[in-house]
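**Q** Output the structure for:
(one chain, ligands or ions: 1)
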Amino acid sequence: MKALNTHEAYRKVLAREFSAVTAESAMKWGQLEPRRGQYDWASSDRLVEFAVANGQSVYGHTLVWHTDLPAWLPRDGSREELRELLREHITTVVSRYRGKVWAWDVVNEVLADDGSMRDTVWLRELGPDYVADAFRWAHAADPQAVLFINDYGAEGRGAKADALYRLVGRLRAAGVPVHGVGFQAHLRADTMPPGMEQNLGRFAKAGLRLAVTELDVRVRLPVTEKKLEQQAGVYRRVLQMCLDQPACVSFTVWGFTDAFSWIPGYHRGYGAACLYDSGFAAKPAYTALRTLLTQRRVIASASP
Ligand code: XIL
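**A** Just a heads-up that it's a prediction; the model follows:
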């Protein structure tokens with residue numbers, strides 16, 4: 001967000017290369033409402049204005065998360081108070097951007113790696129129904145918005161993906177307005193999630209929209225040309241899967257330049273995860289995605 005305000009090259013590339021934007025932090029609760037009852041919309045509004053000015057759509061991230069919460073939020077207050085605060089928060093944010101944000105990550109990372117519900121303040125205080133409530137409140141605030149459940153580590157086959165599949169099935173069966181599943185896809189250059197294509201396929205078959213919401217592909221440092229080629233392959237395969245799957249409606253990379261990537265701060269020994277290096281030079285991964293998208297366009301426009 002700082003980069004968007006201060007960095008000319010960042011703004012230029014963002015405007016030129018992408019048809020959609022997502023807030024990396026600016027729409028998280030802790031940032032939006034640093035003091036109780038006083039929303040600070042400056043950063044999130046600026047991002048939306050940037051998108052409008054550049055003909056881009058905005059994917060909203062995120063309404064309910066267990067971290068990046070405001071310090072003032074009562075962690076062990078009354079259940080009713082906390083539930084009301086959550087309802088108010090979702091309603092306020094979604095209403096403000098009604099008609100401007102086309103999709104929301106309504107809940108983020110509600111599952112633990114073993115597939116159980118993640119132990120969070122929301123689960124502890126409100127019980128598992130907070131997930132359904134969050135979707136209903138978001139839907140009421142903007143009936144047009146496409147509502148996603150977003151998580152990491154559910155890209156390939158495994159306990160977490162299975163649990164996510166079951167959870168979404170239960171929610172939909174109960175009439176909860178869950179429209180899609182977001183796969184964060186914070187991946188590594190040296191492996192692909194096992195069975196990712198089939199895994200995406202079963203969610204699509206169940207009638208859900210799919211989104212790749214936070215793709216980055218980290219490499220173990222030091223960077224070599226070979227690792228960047230390998231990284232390009234992972235980026236390309238994930239885009240290919242999204243393009244091959246009509247249900248896949250959105251493809252987002254988590255930052256586009258190594259200059260501002262979250263990876264080095266959160267994954268020790270890894271870095272260089274983005275499409276551009278820290279000097280804003282395009283990497284092989286950029287070329288791989290661009291080539292794939294260009295081929296697609298040619299094929300699409302050649303068909304009658
Ligand atoms: C990260 C941001 O990139 C960081 O700048 C921030 O400090 C912490 O959050 N999954 C998510 C994202 O859903 O919101 C996280 O973003 C990365 C992991």
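**Q** Please count neighbours and contacts with C-alpha atoms only from this point.
**A** OK.
**Q** So which residues of the stretch 201-304 of the chain form helices?
**A** 225-244, 263-266, 284-302 (DSSP state H, counting those that start in this stretch).
**Q** So which elements touch the last one?
**A** In this structure, helix 284-302 makes packing contacts with helix 225-244, judged by 3 or more C-alpha pairs under 8 Å, 6 or more residues apart in numbering; DSSP states H and E.
**Q** got the angle between the helix it packs on and helix 284-302?
**A** 30 degrees (axes from the mean of the first three to the mean of the last three C-alpha atoms, to 10 degrees).
**Q** Helix 225-244 - contacts with which helices or strands?
**A** Looks like helix 225-244 contacts strand 209-220, strand 248-253, helix 284-302 (3+ C-alpha pairs under 8 Å, 6+ apart).
**Q** check contacts around the closest residue to A9 other than its chain neighbours.
**A** Distances taken as C-alpha to C-alpha, 6 or more residues apart in numbering put F280 closest to A9, at 7.6 Å, once the chain neighbours are dropped. For F280, the contacting residues are 9-10, 257, 259, by C-alpha atoms under 8 Å, 6 or more residues apart in numbering.
**Q** Now name the helix or strand holding the closest residue to M241 other than its chain neighbours.
**A** Spatial nearest neighbour of M241, chain neighbours left out: E197 (6.4 Å); criterion: C-alpha to C-alpha, 6+ apart. Secondary structure from DSSP states H and E places E197 in helix 196-205.
**Q** picking up where we left off before, with A232 as the reference, name the closest of the helices and strands packed on helix 225-244.
**A** Closest to A232 of those, according to C-alpha to C-alpha: helix 284-302, at 3.7 Å.
**Q** Give me the buried positions along the closest one.
**A** Buried positions in helix 284-302, judged by neighbour count with 16 or more other C-alpha atoms under 10 Å: 284-286, 288-289, 293.
**Q** need the residues you listed in CSV with pLDDT, can you?
**A** Shown next, in CSV, are the buried residues of helix 284-302 (pLDDT from 0 to 100):
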residue, pLDDT
P284, 98
A285, 98
Y286, 98
A288, 98
L289, 98
L293, 95
